[in-house]
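Undergrad: heads up, no residue letters with this:
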Ligand code: BGC
């Protein structure tokens, strides 16, 4: 409390000494990644860096040009999707600690991470930066991640607030979402980041929401974030997300950042100064109050004080560091638990190195480096172990490992020629008749060349697959597809990989398929492949982790944080909703995002939410559910527990393993429509072969409610609920019915 008072007193003292010009300097970019400083009063700039997968390289202050030095190589972290797939809060916390420590070590004040937007469509280009389709999983993983970051006197910047679920037309698209899905699906992660993790900063999104730009949305920033959730840290615009001086000045936004070096001309720079001065001296119509600016400066100063950036307090600030062995171990642990065994017929996996003489590794994702791509999430990784290197270093010299590219990735020039329509659209340039004919001619040539090259590589791979003991095919997407600024056109595997997989499976039905990707793909060959492993962009140690799983040193324990639909048309955002090119996008699927749709409407996905196999098996038994509605007791470990769920899980197989036990709640007597069940708790449990453990998961009242738009609050009605203990959203092992006698309302 005293600390808080000190902070507020110091803020007011500083505010009194600042001139209007100095205040304005503090609320807009004075570099591509820093705010303006006030040296006279010892107020430094806020130094920022992307992003979720590590601390990005240094840029020159006012140019998008790498500083060109070698001291900005860093630890490359698993993507947020990978982290969510671990279902392990401790790993989220440890990974956050690494990111925060590295950011501080690199001299940053704010790390522009994590990205926690809901994965609404399989096609969103930035899905790999986001965690899940489910708000509970997002919340539970984001909170420890943010805490880990901020432990290092670095601010997390949770992005992108809010309802930013596509890249197409990202600067302008106007999203319409009803109040219930807004409150139940799209906002809970951000609310938890503010209320539970106490994030110091938040980033406004590029898109519009109900007609307002998110970066100056009164509804999102002033009403919901500030008033309802009580956020008193700093709101930073996405880079170039501000479009109006007055709206931005009067909203809950604090700091305008952008992508161009004309810093004085930003909306919250000279135009703001002029508006205030004209307002005072002119007719006063467009008057902007200086008190609005003061509020922004307060939020920025508060953030700086919390980070120990001002005065003598700087001595107490943590120093951070980067590229330590400890960091590399932490990201290896996270990578190991992020890998998902989707299918394992005939116990194809693990592959035993004993007796293995000849192994074929097929597919360019076996050797591709991903850390340097994706848009703002790209980083300069100190190193990145590819799957091929991981396998080779594990197997050593006695196994002959043969690599074949398998598919052809068109060169940059060919890609341009293949996608000329998109390029000319992006440049907003109409082609003349002659230019059009030339573009079509080049497109045809590029297509033919890609087909020809692809066929050579495919045949070479198939020939190799015939003559080896084992085949591991490593394909998927890359950052030409999982990328900022662009959505995919379909869910298909690019580069003719489906044909490659089918042909390889024909000559070697035991081939193991590994998909490296950040968002779902269609798997036409799902029934024919005996073993399928899902790997994400899993960080610098990803290749080692994958090799350990394939060769059985590590038992996989990742579970899908999102549904993989059989085909795009099954995905609710595409079946009911709108997505993509339109200027206005209405989320007509409402609450039915991900498994909420598939499970309620009985649509069979390729792989369901929460699915992930192990090299061992787990039995669930003794589900006990107790309700304690009347005497909440502060003595209890969890005094807010309304319902306590206990379930015993036994490892019935021969190897050690881990299982993410999932608790779904089904509201059986609800007065409004609700999805058939929703994830409300989970716990990952580690069990030696033959071992059993009792897992306890407590549910608070907020596990039972839905948002009631008329009452403007959440409401848990009295009546019957089913508690499901499950291994995935479609593999419910045990159920128990309970009654709530009272009704609960909460925010
Ligand atoms: C992205 C943000 C990123 C910012 C700064 C924007 O284009 O949307 O996620 O933090 O650039 O690089």
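TA: The structure has been received and is ready for your questions. Keep in mind that this is a model prediction, so the values were computed, not measured.
Undergrad: For the rest of this, base every contact and every neighbour count on C-alpha atoms.
TA: Noted.
Undergrad: List the contacts of residue 255.
TA: Taking C-alpha atoms under 8 Å, 6 or more residues apart in numbering, we find residue 255 in contact with 26, 27, 28, 29, 35, 234, 235, 236, 237, 296.
Undergrad: scratch that, residue 260 is what I was asking about
TA: Contacts of residue 260 (C-alpha under 8 Å, 6+ apart): 32, 62.
Undergrad: Look up how far residue 55 lies from it.
TA: Separation of residue 260 from residue 55 (C-alpha to C-alpha, to the nearest Å): 21 Å.
Undergrad: cool, residue 664 as well?
TA: 36 Å.
Undergrad: Looking at the two, which has the bigger crowd around it?
TA: Using other C-alpha atoms under 10 Å, the more surrounded residue of residue 664 and residue 55 is residue 55, with 34 against 21.
Undergrad: Which of the three states applies to residue 76?
TA: Here residue 76 is coil, with the state taken from DSSP: H, G, I helix; E, B strand; the rest coil.
Undergrad: isn't it right up against residue 52?
TA: No. Contact criterion C-alpha atoms under 8 Å: residue 76 and residue 52 do not qualify, at 9.5 Å.
Undergrad: In contact with residue 592, which residues?
TA: Residue 592 touches 572, 675, counting by C-alpha under 8 Å, 6+ apart.
Undergrad: Please report how far it lies from residue 598.
TA: Taken as C-alpha to C-alpha, the span from residue 592 to residue 598 is 8 Å.
Undergrad: Residue 646 too?
TA: Taking C-alpha to C-alpha, one finds residue 646 at 27 Å from residue 598.
Undergrad: the more surrounded of the two?
TA: residue 598 (24 against 18).
Undergrad: So the more buried one belongs to a helix, correct?
TA: Yes. When three-state DSSP is applied, residue 598 is found to be in a helix.
Undergrad: got the residues of the stretch 251-400 of the chain near the ligand?
TA: residue 376 (C-alpha under 6 Å from any ligand atom).
Undergrad: By proximity to the ligand, which residue of the stretch 251-400 of the chain wins?
TA: Proximity of the stretch 251-400 of the chain to the ligand (C-alpha to the nearest ligand atom) peaks at residue 376, 4.8 Å away.
Undergrad: correct me, but that residue touches residue 53?
TA: No. Using C-alpha under 8 Å as the test, residue 376 is too far from residue 53 to be in contact (9.6 Å).
Undergrad: which of the two has more neighbours?
TA: Neighbour totals were compared for residue 376 and residue 53, and residue 53 leads with 28 against 17 (other C-alpha under 10 Å).
Undergrad: Need the nearest residue in space to the more buried one, chain neighbours excluded.
TA: residue 77 (4.7 Å; C-alpha to C-alpha, 6 or more residues apart in numbering).
Undergrad: Please apply the same query to residue 102.
TA: Using C-alpha to C-alpha, 6+ apart, the closest residue to residue 102 is residue 322 (4.5 Å).
Undergrad: Contacts only, for the one you found.
TA: 74, 75, 101, 102, 103, 105, 106.
Undergrad: Highest neighbour count among those?
TA: So for these (other C-alpha under 10 Å), the most neighbours sit at residue 103, 34 neighbours.
Undergrad: Helix or strand for that one, just tell me which one.
TA: helix 89-105 (DSSP states H and E).
Undergrad: Give me the residues contacting whatever helix or strand comes next after that helix.
TA: Remark: after helix 89-105, the chain's next helix or strand is strand 110-112, criterion DSSP H and E. Residues from elsewhere that reach strand 110-112 (C-alpha under 8 Å, 6+ apart): 46-52, 55, 100, 103, 154-159, 201, 203.
Undergrad: Please state the backbone phi and psi of residue 480?
TA: Backbone dihedrals for residue 480, given as degrees, to the nearest 10, come out at phi -80, psi -20.
Undergrad: didn't it look like it was pressed against residue 375?
TA: No. Between residue 480 and residue 375 there is no contact under C-alpha under 8 Å: 9.7 Å.
Undergrad: Output the below-cut-off pLDDT ranges for the stretch 1-150 of the chain.
TA: 1-5 (pLDDT under 70).
Undergrad: Strands of that one, start to end?
TA: Applying DSSP state E, counting those that start in this stretch to the stretch 1-150 of the chain gives strands spanning 29-31, 34-35, 48-50, 59-60, 63-66, 110-112.
Undergrad: could I get these as TSV with mean neighbour count and distance to residue 165?
TA: As requested, the strands of the stretch 1-150 of the chain are arranged in TSV below (neighbours: other C-alpha atoms under 10 Å; distance: least, C-alpha to C-alpha, whole Å):
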stretch	mean neighbour count	distance to residue 165
strand 29-31	26	26
strand 34-35	22	27
strand 48-50	24	19
strand 59-60	15	28
strand 63-66	12	26
strand 110-112	28	17
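Undergrad: So which of these is nearest residue 518?
TA: The minimum distance between residue 518 and the strands of the stretch 1-150 of the chain falls on strand 48-50, with 18.3 Å, by C-alpha to C-alpha.
Undergrad: Does at least one residue of the closest one sit close to the ligand?
TA: Yes. Interface with the ligand: strand 48-50 contributes residue 50 (C-alpha under 6 Å from any ligand atom).
Undergrad: Tell me which strands that strand pairs with, and in which orientation.
TA: strand 110-112 (parallel) (DSSP bridges).
Undergrad: wait, does the partner strand make contact with the ligand?
TA: Yes. Strand 110-112 reaches the ligand (C-alpha under 6 Å from any ligand atom) through residue 112.
Undergrad: contacting residues around residue 467?
TA: Counting by C-alpha under 8 Å, 6+ apart, residue 467 has no contacts.
Undergrad: Now do it, the pLDDT please.
TA: If you check residue 467, the pLDDT there is 95.
Undergrad: Distance check, it against residue 139.
TA: Counting by C-alpha to C-alpha, the gap from residue 467 to residue 139 is 48 Å.
Undergrad: neighbours of the one residue in the stretch 501-650 of the chain that gets nearest to the ligand, just the number please.
TA: Going by C-alpha to the nearest ligand atom, the ligand is nearest to residue 518 of the stretch 501-650 of the chain, at 16.1 Å. Neighbourhood size, residue 518 [other C-alpha under 10 Å]: 31.
Undergrad: That one belongs to a helix, doesn't it?
TA: No. Residue 518 is assigned coil when assessed by three-state DSSP, not a helix.
Undergrad: nearest spatial neighbour of it, skipping sequence neighbours?
TA: Residue 518 sits nearest to residue 128 (C-alpha to C-alpha, 6+ apart), 4.1 Å away.
Undergrad: Does the residue of the stretch 251-400 of the chain closest to the ligand lie in a helix or a strand, and which?
TA: Following DSSP H and E, one finds residue 376 outside all helices and strands.
Undergrad: where exactly do the strands run in the stretch 601-747 of the chain?
TA: Using DSSP E, counting those that start in this stretch, strands in the stretch 601-747 of the chain cover 618-627, 643-651, 657-667, 678-687, 692-699, 706-708, 713-716, 719-728, 731-740, 744-746.
Undergrad: To the ligand, which of these lies closest?
TA: If you check each of the strands of the stretch 601-747 of the chain against the ligand by C-alpha to the nearest ligand atom, strand 678-687 wins as the nearest, at 27.8 Å.
Undergrad: That concludes my questions; thank you for your assistance.
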